[in-house]
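Enquirer: I would like the atomic coordinates for the input below:
(one chain, ligands or ions: 1)
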Amino acid sequence: MSTTSLVEQSKCSAAIAAVDKNVLPSVRVLGIGSGSTVVYAVQRLVELRDQNKLNPDLVCVATSFQSKQLISDAGLRGADLDDLPALDPEQRSFASIDVTIDGADEVDSELNAIKGGGAAHLREKLVANASKRLVLIADYRKDSQTLGEKWSSGIPVEILPLAWRTIKRQIESLLPKSYVSSTSAVTASADSVADAFEFKAPRAELRQAVRKAGPVVTDNGNFILDVAVGKIYDPRRVELLIKMIPGVIEVGLFSGIAKEAWFGNEDGTIACRTPRSEMKKHE
Ligand SMILES: O=C[C@H](O)[C@H](O)[C@H](O)COP(=O)(O)O
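Expert: Got it, this is the predicted structure:
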């Protein structure tokens with residue numbers, strides 16, 4: 001089998017397994033992620049719907065323009081996040097979505113993830129945050145111990161276009177000493193900032209569009225900086241450090257959110273991981 005079809009096969013088997021395990025008839029509100037792996041998840045939903053195995057009242061919440069198109073092309077019913085009531089208001093929970101199935105660019109051993117390779121991470125994070133369960137699906141190339149080991153394009157960061165050069169400079173000045181002395185609001189010590197990621201100096205590149213002159217413009221009208229920091233030893237701290245910079249809208253680091261990740265392995269098996277479990281193999 002060629003590498004491309006092996007990768008596609010592994011995306012497909014991870015997506016099918018995750019949908020079968022998580023989208024039970026009790027699920028009434030489902031978040032649909034973005035990217036190429038999610039396409040297989042939606043195909044599986046269509047098969048289950050045609051076999052009457054889905055909740056007849058199921059509604060799907062999109063995370064991007066692409067995801068909205070997938071939902072409507074599949075004939076599934078769409079809903080806007082902000083129109084949904086909380087599922088358990090008596091529990092003081094604000095979650096309005098039962099489960100969200102989404103792809104990832106890289107997932108570490110604790111299920112922290114890099115997302116936004118397709119520039120969709122802002123809405124993906126809104127939907128994931130409003131979900132009782134976030135389930136990630138990915139091929140074997142995305143499975144790593146430490147973020148940054150495999151995904152070398154950097155952390156996608158959605159930013160306000162009018163200040164992109166200033167934000168780029170500030171991200172690139174996340175050198176331990178200069179950061180601490182110039183940003184009084186951040187109390188992290190020089191050592192703790194240095195320990196959060198590998199590089200001494202991050203590099204931020206404005207993402208350029210393909211087949212359109214100029215930068216990528218997101219579904220929300222913003223730009224993307226891809227921030228290379230090397231290995232990410234403390235995803236939560238890196239997420240907060242970047243998010244605190246004025247003009248940063250959302251960081252493509254999902255730390256401590258996902259409840260389960262499914263990977264299609266190179267040998268055709270499927271593996272499921274939860275934050276505190278060893279990988280389980282499924283034939
Ligand atoms: O912005 C895009 C999303 O975060 C995707 O879920 C992520 O890039 C993974 O995409 P794919 O399934 O195409 O590898």
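Enquirer: need the contact list for residue 230.
Expert: Shown in contact with residue 230 (CB atoms under 8 Å, 6 or more residues apart in numbering): 148, 197, 198, 199. For the C-beta atoms, the positions are set from N, CA and C on the backbone; glycine is no exception.
Enquirer: Which ones among those residues also lie next to the ligand?
Expert: Among the contacts of residue 230, proximity to the ligand is found for none (CB under 6 Å from any ligand atom).
Enquirer: anything in the one helix or strand residue 20 maps to near the ligand?
Expert: Residue 20 belongs to helix 3-22 when elements are defined using DSSP states H and E. No: shown here: helix 3-22 not in contact with the ligand (CB under 6 Å from any ligand atom), separated by at least 6.6 Å.
Enquirer: What is the burial count for the nearest residue to residue 149 once chain neighbours are set aside?
Expert: Of all residues not flanking residue 149 in the chain, residue 231 sits nearest, at 6.2 Å (CB to CB, 6 or more residues apart in numbering). A count of nearby residues for residue 231, using other CB atoms under 10 Å, gives 14.
Enquirer: Remind me what the helix holding residue 20 packs against, helices and strands.
Expert: Applying 3 or more CB pairs under 8 Å, 6 or more residues apart in numbering; DSSP states H and E, we find helix 3-22 packed against helix 36-50, strand 97-102, strand 131-139, strand 260-264, strand 270-273.
Enquirer: Pull out the buried residues from that helix.
Expert: 6-19, 22 (16 or more other CB atoms under 10 Å).
Enquirer: now the closest residue to the ligand within the chain: how far from residue 25?
Expert: Closest contact between the chain and the ligand, by CB to the nearest ligand atom, is at residue 35 (2.6 Å). Residue 35 is 26 Å from residue 25, where distance means CB to CB, to the nearest Å.
Enquirer: quick one: low-confidence parts of the chain?
Expert: Applying pLDDT under 70 to the chain flags the ranges 175-194, 277-283.
Enquirer: let's see it at 90
Expert: The model of the chain has pLDDT under 90 over residues 1-4, 89-92, 174-195, 199-201, 276-283.
Enquirer: Show me how it divides into domains.
Expert: Following automatic domain parsing, one gets these domains for the chain: 3-145+256-282, 155-252.
Enquirer: What's the end-to-end length of the shortest one?
Expert: Its first and final residues considered, domain 155-252 spans 6 Å by CA to CA, to the nearest Å.
Enquirer: Correct me if wrong: the residue of the chain closest to the ligand contacts residue 113.
Expert: No: the criterion here is CB atoms under 8 Å, and residue 35 misses it with residue 113 at 11.9 Å.
Enquirer: if you count what's nearby, which of these two comes out ahead?
Expert: More crowded of residue 35 and residue 113, by other CB under 10 Å: residue 113, with 30 against 23.
Enquirer: how close does residue 83 sit to residue 199?
Expert: According to CB to CB, residue 83 and residue 199 sit 43 Å apart.
Enquirer: Which of those two has more residues huddled nearby?
Expert: Remark: of residue 83 and residue 199, residue 199 carries more neighbours, 15 against 9, as counted by other CB under 10 Å.
Enquirer: residue contacts, residue 122?
Expert: Contacts here follow CB under 8 Å, 6+ apart; on that basis residue 122 touches 158, 218, 220, 222, 249, 250.
Enquirer: Can you tell me the closest non-neighbouring residue to it?
Expert: Spatial nearest neighbour of residue 122, excluding adjacent residues (CB to CB, 6+ apart): residue 250 at 4.1 Å.
Enquirer: How about the secondary structure of the residue lying closest to residue 42 once chain neighbours are set aside?
Expert: Excluding its sequence neighbours, the residue lying closest to residue 42 (CB to CB, 6+ apart) is residue 70, at 4.7 Å. Secondary structure assignment for residue 70 (DSSP: H, G, I helix; E, B strand; the rest coil): helix.
Enquirer: What parts of the protein come near the ligand?
Expert: Proximity of the chain to the ligand is confined to 33-37, 102-105, 115-121, 124 under the rule CB under 6 Å from any ligand atom.
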